[in-house]
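S.K.: Okay, sequence plus prediction incoming.
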Amino acid sequence: MADEFTRRRTFAIISHPDAGKTTLTEKLLVAGGAIQLAGAVKTRGDQRRARSDWMKIEQDRGISVTSSVMTFDYDGLVCNLLDTPGHEDFSEDTYRTLTAVDSAIMVIDAAKGIEQQTRKLFEVCRLRDIPIVTYINKVDREGRDPFELLDEVQEMLALDIAPRVWPIGMGTDFRGCYDLHRNQFWTSDAPGGACNLVIDMEGPDDPRLAELVPPHILSAAKEGMELAIGAYPEFDPQSYREGHMTPVIFGSALKDYSVKPLISLIAEHAPPPRPSPADTRIVEPSENPVTGFVFKVQANMDKNHRDRVAFVRLCSGEFKRGMKLRQVRTGKDVMVHSPIFFLAQDREIVDEAYAGDVIGIPNHGTMRVGDTFSEGETLRFTGIPAFAPEILRRVRLGDTTKVKQMRAALEDLAEEGLIQVFKPAIGSQWIVGVVGVLQLDVLASRARAEYRAEISYEGLPYEMACWIKSDDPQALKTFIESKRSAIATDRDENPVFLAKSAWELDYTIKNNEGISFLKTKELE
Ligand code: G4P
């Protein structure tokens with residue numbers, strides 16, 4: 001059906017580690033009926049960890065390093081929740097995931113406010129005007145004053161604020177949450193328990209509220225609610241969709257508070273698939289031919305099967321299983337026999353999918369992050385970034401008979417976007433570049449577990465790598481010749497300049513006006 005895409009809501013949750021993203025994800029899946037048991041997201045994680053060794057790092061450090069997709073139905077809509085790794089060393093992966101969503105939920109810990117990683121991820125959302133719902137979590141614990149938190153969001157992120165759900169007390173005084181929009185009081189029949197009661201009210205002055213909440217808690221909460229209603233603009237869906245206003249929901253994911261109001265808000269107001277910019281034109285989700293792009297590749301999801309899955313966000317059309325799609329970069333047509341849908345706990349073969357959906361295409365290393373697929377049209381979706389690595393290391397191989405395995409590991413994991421690999425113009429040892437040091441640990445761990453190659457790293461005199469370009473090919477050639485010892489090429493043969501320090505880079509930029517030094521590159 002032509003308008004199927006309008007039922008899609010594709011979103012991600014962004015947060016600083018520990019703010020409660022995993023807990024909220026799980027509660028959203030329960031609210032959507034996708035899982036029954038609380039704890040299932042973690043259980044699923046544990047199973048995954050048990051299956052593949054490289055997840056050991058995640059286990060050891062208690063962090064989540066992979067992104068995945070969870071699809072569930074809610075209120076007649078199809079929700080695609082894209083999970084993002086919280087740790088900043090994997091922010092590249094997160095940035096790319098954010099290119100595949102139409103909106104985001106920003107989770108903030110009520111005791112901590114906006115933390116560094118929240119802020120960085122928010123900036124990425126802002127670049128793309130992604131609408132954001134703010135969920136201030138953990139109000140069942142002592143937190144900061146709600147107005148102080150609202151001011152922080154407003155000032156640090158320069159967003160208009162529209163409070164939607166207000167906490168009635170916090171910490172030991174916490175009695176529930178009040179939905180200012182629907183005039184509903186969400187509470188528990190057991191003091192301090194999980195949310196299991198919802199009571200319709202006339203407004204914050206409703207005498208029934210006074211029967212349920214002790215006066216000293218209610219008076220402060222009522223004052224807060226009056227101010228929240230009076231001092232902030234009304235929620236403006238248009239302004240939210242344009243990325244200027246954020247509705248704010250106070251809640252407790254752990255105790256199930258404000259999960260329903262959150263998912264209802266997403267269902268009612270979050271945008272359906274948006275038009276996607278490509279190099280030649282803008283693609284509308286309502287168009288008939290299928291288009292999409294790869295925002296993530298994950299190799300060896302199942303160690304026994306050496307599989308690789310390209311995660312494709314569909315941008316238009318009605319995808320049908322068995323369809324032939326053109327991989328625009330190579331010009332090759334690919335028959336998509338067994339596309340995968342990612343349900344909360346399972347994978348399933350997809351028969352059809354629409355703009356906004358994410359399908360997994362199993363492949364043998366032919367698809368890479370940034371690839372565009374179409375039904376024949378030559379176009380390339382833009383805005384999927386690669387970042388100049390800030391950590392560079394030379395790779396050393398423990399057992400020199402394993403060169404082939406090491407190569408395969410580096411190539412595969414570069415395709416996956418975990419690392420970047422460079423070949424120096426002089427010398428033969430490969431250089432790997434990463435944005436965060438944990439990526440190096442994952443590389444070594446996966447090279448060992450999946451490719452049986454023992455690798456270690458050697459420091460380099462270089463601190464950063466930048467792509468170099470010029471409109472004048474001769475100028476570029478001369479520059480490359482003059483700096484040969486500091487030149488390498490990436491896996492697409494693009495030249496890269498390796499700088500020993502920020503100072504050296506600045507100096508080189510100043511003295512080579514015809515050359516551009518780029519910190520990000522659009523994936524080709
Ligand atoms: P993350 O994915 O953003 O890193 O956060 P996660 O959901 O794992 O939550 C981090 C910690 O915060 C967990 O505690 C979790 O139980 C707790 N938490 C999440 N939401 C709430 C909430 O609404 N209220 C309270 N009080 N706590 C919350 P943990 O002790 O680190 O883990 P666990 O042992 O409970 O699993």
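M.R.: Received the coordinates, thanks.

S.K.: So stretch 190-197, near the ligand or not?
M.R.: No. Judged by C-beta under 6 Å from any ligand atom, stretch 190-197 makes no contact with the ligand; its nearest approach is 10.3 Å. Using the backbone N, CA and C atoms, a C-beta is placed for each residue, glycine as well.

S.K.: buried stuff in that stretch?
M.R.: By neighbour count with 16 or more other C-beta atoms under 10 Å, stretch 190-197 contains the buried residues Cys195.

S.K.: ok, now stretch 417-435?
M.R.: Going by neighbour count (16+ other C-beta under 10 Å), the buried part of stretch 417-435 is 417-425, 430-435.

S.K.: Run through the residues you listed and flag the ones next to the ligand.
M.R.: Within these, nothing lies near the ligand by C-beta under 6 Å from any ligand atom.

S.K.: Out of those, flag the one nearest to the ligand.
M.R.: Using C-beta to the nearest ligand atom, Val435 is the member of the buried residues of stretch 417-435 that lies nearest the ligand, at 19.8 Å.

S.K.: Surely the closest one touches Pro389?
M.R.: Yes. Using C-beta atoms under 8 Å, Val435 is in contact with Pro389, at 5.9 Å.

S.K.: how many neighbours does the nearest residue in space to Gly76 that is not next to it in sequence have?
M.R.: With sequence-adjacent residues excluded and distances taken as C-beta to C-beta, 6 or more residues apart in numbering, Gly76 is closest to Arg7, at 6.7 Å. Look at Arg7: counted by other C-beta atoms under 10 Å, it has 17 neighbours.

S.K.: and what of Pro495?
M.R.: By the measure other C-beta under 10 Å, the count of residues near Pro495 is 21.

S.K.: where's Glu352 relative to Gly376, distance?
M.R.: According to C-beta to C-beta, to the nearest Å, Glu352 and Gly376 sit 19 Å apart.

S.K.: same question but for Arg329, I mixed them up
M.R.: Remark: distance between Arg329 and Gly376 (C-beta to C-beta) = 14 Å.

S.K.: out of the two, which sits in the more crowded spot?
M.R.: Shown here are Arg329 and Gly376; by other C-beta under 10 Å, Arg329 has more neighbours (18 against 10).

S.K.: Give me the phi and psi for the more buried one.
M.R.: Backbone torsions of Arg329, given as degrees, to the nearest 10, read phi -60, psi -40.

S.K.: thinking it is in contact with Thr372, fair?
M.R.: Yes. The pair Arg329 / Thr372 is scored as a contact, 7.2 Å apart, by C-beta under 8 Å.

S.K.: Mutual contacts of these two, please.
M.R.: Arg380 (C-beta atoms under 8 Å, 6 or more residues apart in numbering).

S.K.: Asp492: how many residues sit nearby?
M.R.: 12.

S.K.: er, Gln184 I mean
M.R.: Neighbours of Gln184 under the rule other C-beta under 10 Å: 18.

S.K.: secondary structure element for the closest residue to Gly32 other than its chain neighbours?
M.R.: The shortest distance from Gly32 to any non-neighbouring residue, by C-beta to C-beta, 6+ apart, is to Phe72 (3.8 Å). Using DSSP states H and E, Phe72 falls within strand 69-74.

S.K.: Mind giving me the packing neighbours of that strand?
M.R.: Contact partners of strand 69-74 among helices and strands, from 3 or more C-beta pairs under 8 Å, 6 or more residues apart in numbering; DSSP states H and E: helix 21-31, strand 77-82, strand 340-342, strand 358-363.

S.K.: okay, that strand in CSV with CA atoms only?
M.R.: What follows is strand 69-74, C-alpha atoms only, in CSV (Å, rounded to 0.1, in the frame of the first residue of the first chain):
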residue,chain,number,x,y,z
VAL,A,69,17.2,-2.7,15.7
MET,A,70,14.0,-3.7,17.5
THR,A,71,10.7,-3.6,15.7
PHE,A,72,7.3,-3.7,17.5
ASP,A,73,3.7,-2.6,16.9
TYR,A,74,2.0,0.0,18.9
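
S.K.: just to revisit the earlier point, dump the residue contacts of the residue nearest to Gly76.
M.R.: Counting by C-beta under 8 Å, 6+ apart, Arg7 has contacts 76-78, 272.

S.K.: Show me just the buried residues among those.
M.R.: Among those, those scoring as buried are 77-78, 272 (criterion: 16+ other C-beta under 10 Å).

S.K.: picking up where we left off before, mind listing what's buried in the strand holding Phe72?
M.R.: For strand 69-74, burial by neighbour count (16+ other C-beta under 10 Å) applies to 69-72, 74.

S.K.: ok so, going back, need the buried ones among the contacts of Arg7 in a markdown table (columns: distance to the ligand).
M.R.: Converted to a markdown table, the buried ones among the contacts of Arg7 look like this (distance: C-beta to the nearest ligand atom, whole Å):
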| residue | distance to the ligand |
| --- | --- |
| Leu77 | 24 |
| Val78 | 24 |
| Pro272 | 27 |
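
S.K.: Thr400: which of the residues you listed is nearest?
M.R.: Minimum distance to Thr400 across the buried ones among the contacts of Arg7 is 51.4 Å, recorded for Val78 (C-beta to C-beta).

S.K.: I'd say that closest one and Asp357 touch.
M.R.: Yes. Val78 lies in contact with Asp357 (C-beta under 8 Å); the separation is 7.2 Å.

S.K.: Quickly list what's touching both of these two.
M.R.: Shared contacts of Val78 and Asp357, counting by C-beta under 8 Å, 6+ apart, come down to 8, 71.

S.K.: Show me where the stretch 151-300 of the chain has its strands.
M.R.: 160-168, 176-179, 184-187, 197-200, 245-250, 276-277, 282-283, 291-299 (DSSP state E, counting those that start in this stretch).

S.K.: now for the second one, which elements pack on it?
M.R.: Helices and strands touching strand 176-179, by 3+ C-beta pairs under 8 Å, 6+ apart, are strand 160-168, strand 184-187.

S.K.: helices and strands of the protein: which one has the lowest mean pLDDT?
M.R.: Lowest on mean pLDDT, DSSP states H and E among the helices and strands of the chain sits helix 40-51, with a mean of 42.

S.K.: State which one residue of the stretch 351-500 of the chain is found closest to the ligand.
M.R.: Counting by C-beta to the nearest ligand atom, the stretch 351-500 of the chain gets nearest the ligand through Leu438, at 15.0 Å.

S.K.: quick one: that residue from Ile419, how far?
M.R.: Distance of Leu438 to Ile419, given as C-beta to C-beta: 11 Å.

S.K.: Tell me the residues of the protein that contact the ligand?
M.R.: Going by C-beta under 6 Å from any ligand atom, the residues of the chain near the ligand are 15, 17-23, 86, 137-138, 140-141, 252-254.

S.K.: Report the lowest-confidence entry in the residues you listed.
M.R.: Lowest pLDDT of those: Gly86, 57.

S.K.: So which elements touch the helix ranked longest in the chain?
M.R.: The residue-count maximum for a helix in the chain (DSSP state H) belongs to helix 215-231. In terms of contacts (3+ C-beta pairs under 8 Å, 6+ apart), helix 215-231 is packed against helix 146-157, strand 160-168.

S.K.: which residues touch the first one?
M.R.: To tie it back to what came earlier, the one meant is helix 146-157. 108, 110, 113-114, 119, 122, 126, 134, 136, 143, 159-161, 163, 166-167, 170, 224, 227-228, 232, 246, 248, 250.

S.K.: That one - what's its average pLDDT?
M.R.: 94.

S.K.: Show me which positions of that helix end up buried.
M.R.: By neighbour count with 16+ other C-beta under 10 Å, helix 146-157 contains the buried residues 146, 149-150, 153, 157.

S.K.: okay, the angle between it and strand 245-250?
M.R.: Helix 146-157 runs at 150 degrees relative to strand 245-250, counting by axes from the mean of the first three to the mean of the last three C-alpha atoms, to 10 degrees.

S.K.: related to what we said a few turns ago, what's the local residue count around the residue of the stretch 351-500 of the chain closest to the ligand?
M.R.: By other C-beta under 10 Å, the residues close to Leu438 number 19.
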